[in-house]
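S.K.: pasted the sequence and its predicted model underneath.
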There are 2 protein chains.
Amino acid sequence: MTEQPGRDGFFAEYDPRAFDPIAVTVDVVTLTIRDGSLHVLLVQRGLPPQQGRWALPGGFVRAGGSTAAEDLPDAAIRVLGEETGEDLGERVHLEQLATYGTPDRDPRMRVISVAYLAFAPELPDPRPGRDASDAAWVPVDSLGLTAGHGGQRPGTTRKLAFDHARILADGLERARSKLEYTPLATSFVAEPFSVSELRMVYETVWGEPLHAGNFHRKVLSVPGFVESTGEVAESGGPRGGPRARLYRRGDAQLLHPALLRPGREDAVR
Amino acid sequence: MTEQPGRDGFFAEYDPRAFDPIAVTVDVVTLTIRDGSLHVLLVQRGLPPQQGRWALPGGFVRAGGSTAAEDLPDAAIRVLGEETGEDLGERVHLEQLATYGTPDRDPRMRVISVAYLAFAPELPDPRPGRDASDAAWVPVDSLGLTAGHGGQRPGTTRKLAFDHARILADGLERARSKLEYTPLATSFVAEPFSVSELRMVYETVWGEPLHAGNFHRKVLSVPGFVESTGEVAESGGPRGGPRARLYRRGDAQLLHPALLRPGREDAVR
DNA sequence: TGAGATATTCTCATAGTGAGATTGATAGGG
DNA sequence: CCCTATCAATCTCACTATGAGAATATCTCA
């Protein structure tokens, strides 16, 4: 909140104590599935510090002084649009991830970053924004993220700038977890979709194969997860098989019972 | 992150554009159980704006210019200590809740607030901090929170300042949800505790009675949730009954299978 | 001492899950 | 055009987890 007793009038005077420089930015972890693997949208920094390193798309929040005041989710959507060149407000699912504010996370000054997490069906190739020398969908596997604290394994080609490896790791964990109890997976596929396409999303994000029969039973038995369109795919799969029935997303916000990741009995101890 | 291409050197010059005034604060939702009901720590504002209204304890984050740089969780712990008069770093569970930054949430200027959520066993009465006229543990039920968007029912005595009703509502939902799949409930009781005390935590936070026998079976069957001390309570309950066996928190970070809230089949649709 | 409350354990019907097998449609290569 | 691998969709079966109710022993208080 906004306590600071005994000094309540200082805002009018711009007391320097309140304005120790803190910058507020948004960074966006955008996940999509391409060619059967999970990708994240990254930009290559064109300027120091950390020039040449890859980073999450981000930018300053417009505060409302000399520029128009901007809400945090709007800033995230803007930043995303600057790299993809599209207005993604409609097509992507966007949610706040967490806020990162360790004092030395940016060498220039104190920066508080509000991270957002976006999920999108397959999107076009990005084009670098003004301050980036490159932008690309990068396979998450290629980044050598370590399980523990969001570091990267030595030898990884694309080094992420600042604490972005950690932010990305948090975003991935959030995504994996939300697949369990929300219909989020439907945000990764275009409608209408088949149960197999949906299963592929789960397998890709969780990184492990699922039992096709049980998955099918489960998806259709959870109320409101998917809704039949009554149609079937134009043709069978590329390597044969019957034509799949097609579905669209249902009206459930929460999956009950949840669709749990296999092999979690020995969860974090 | 910290993009802003083409202007990379401006920090050294304190370019006013980057310093459209954004203040960063932390607000803390602190929950505890007193007299069998869920309470939240609130302070009464001693100064305008919103003078006289009740608010979550909060304060500015020390940025690191003229003052010592302070990490976000440290700011939350400090703010909590200012109201409770104790160093709670050891005793409370603290986690980040979310960040609130709607442009007009504070009438004075642009304020981004990083909210934290704290869980504590029964704590002493608070004393008002420097900028508050009062501080108290307030029963959550008395605040007339509405289900939807964190508003308060008309006629509620204690009106919460700014968007704090919403922040509190988000904190409560997080707490209710985390009881399901984490051993968080053990943070609300002092060790050693009985299964009944733990059940009381669930009943209080969820606001509904649970089946004592099934709860008992469940708690003891989830690996790592609780660990027996081998002791039993000094005496039976205040109204009779055998002396309960005592436990301490186990080593699990996640409950598997989860302990789900009853009656959620018809979840959010 | 008796009544009521409570901790703990059991029973039993039902729901949900993992593993494997079956059926039948379809694509692609000989 | 036929054969076979592939795959969608179902089904079976054993096992686990859950909700509801009840039984039993222990304890407090009047």
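M.R.: That came through, no problem.
S.K.: every contact and neighbour count from this point should use C-alpha atoms.
M.R.: Noted.
S.K.: around DNA strand C, which positions in chain A sit nearby?
M.R.: Applying C-alpha under 7 Å from any atom of the strand, one finds that chain A approaches DNA strand C through A:211, A:213-214, A:218, A:235-243, A:257-262.
S.K.: are any of the residues you listed buried, and which?
M.R.: The neighbour-count criterion (16 or more other C-alpha atoms under 10 Å in any protein chain shown) marks A:259, A:261 among those as buried.
S.K.: residues touching residue A:199, list them.
M.R.: By C-alpha atoms under 8 Å, 6 or more residues apart in numbering or on different chains, the contact set of residue A:199 is A:210, A:212, A:215.
S.K.: for residue A:79, same thing?
M.R.: Taking C-alpha under 8 Å, 6+ apart as the criterion, residue A:79 is in contact with A:26-28, A:57-59.
S.K.: could you rerun that using 7 Å?
M.R.: The neighbours of residue A:79, taking C-alpha atoms under 7 Å, 6 or more residues apart in numbering or on different chains as the test, are A:57-59.
S.K.: just residue A:260 next, same as before
M.R.: Contact partners of residue A:260, counting by C-alpha under 7 Å, 6+ apart, are residue A:180.
S.K.: same thing with residue A:44?
M.R.: By C-alpha under 7 Å, 6+ apart, the neighbours of residue A:44 are A:52-55, A:132-135.
S.K.: wasn't it part of a strand?
M.R.: Yes - under DSSP: H, G, I helix; E, B strand; the rest coil, residue A:44 sits within a strand.
S.K.: okay, it and residue A:81: tell me how far apart.
M.R.: The spacing between residue A:44 and residue A:81, counted by C-alpha to C-alpha, to the nearest Å, is 16 Å.
S.K.: residue A:52 now?
M.R.: The spacing between residue A:52 and residue A:81, counted by C-alpha to C-alpha, is 22 Å.
S.K.: what do you get for residue A:253?
M.R.: 26 Å.
S.K.: likewise residue A:91?
M.R.: The gap separating residue A:91 from residue A:81 is 12 Å, by C-alpha to C-alpha.
S.K.: what does residue A:147 give?
M.R.: Distance of residue A:147 to residue A:81, given as C-alpha to C-alpha: 30 Å.
S.K.: ditto for residue A:72
M.R.: Distance from residue A:72 to residue A:81, counting by C-alpha to C-alpha: 14 Å.
S.K.: which one's more surrounded, those two?
M.R.: Shown here are residue A:72 and residue A:81; by other C-alpha atoms under 10 Å in any protein chain shown, residue A:72 has more neighbours (26 against 17).
S.K.: how about the nearest residue to that one, chain neighbours excluded?
M.R.: residue B:101 (6.1 Å; C-alpha to C-alpha, 6 or more residues apart in numbering or on different chains).
S.K.: show the model's pLDDT score for the one you found.
M.R.: Here, the pLDDT recorded for residue B:101 equals 97.
S.K.: of the contacts of residue A:199, select the buried ones using a ChimeraX command.
M.R.: Listed next is the ChimeraX selection for buried residues among the contacts of residue A:199, using 16+ other C-alpha under 10 Å:
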select /A:215
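S.K.: filter the contacts of residue A:199 down to the ones close to chain B.
M.R.: Among those, not one lies near chain B by C-alpha under 7 Å from any C-alpha of the partner chain.
S.K.: how far does whatever helix or strand residue A:95 lives in sit from its chain's centre?
M.R.: For residue A:95, the element it lies in under DSSP states H and E is strand A:93-100. Here strand A:93-100 is found 8 Å from its chain centre; the criterion is C-alpha atoms, centre = their mean, to the nearest Å.
S.K.: so it, near chain B or not?
M.R.: Yes - shown here: strand A:93-100 in contact with chain B (C-alpha under 7 Å from any C-alpha) through A:98-99.
S.K.: so which elements touch that strand?
M.R.: Applying 3 or more C-alpha pairs under 7 Å, 6 or more residues apart in numbering or on different chains; DSSP states H and E, one finds that strand A:93-100 contacts strand A:110-119.
S.K.: who's in contact with the strand it packs on?
M.R.: Here strand A:110-119 makes contact (C-alpha under 7 Å, 6+ apart) with A:21-32, A:76, A:92-101, A:103, A:171, A:187-188, B:1, B:63.
S.K.: the lengthiest helix in chain A: which residues count as buried?
M.R.: Determined from DSSP state H, the single longest helix within chain A is helix A:164-181. With burial defined by 16+ other C-alpha under 10 Å, the residues of helix A:164-181 counted as buried are A:164-172, A:175-181.
S.K.: over to stretch A:140-147?
M.R.: Residues of stretch A:140-147 classed as buried by neighbour count (16+ other C-alpha under 10 Å): A:140, A:143-145.
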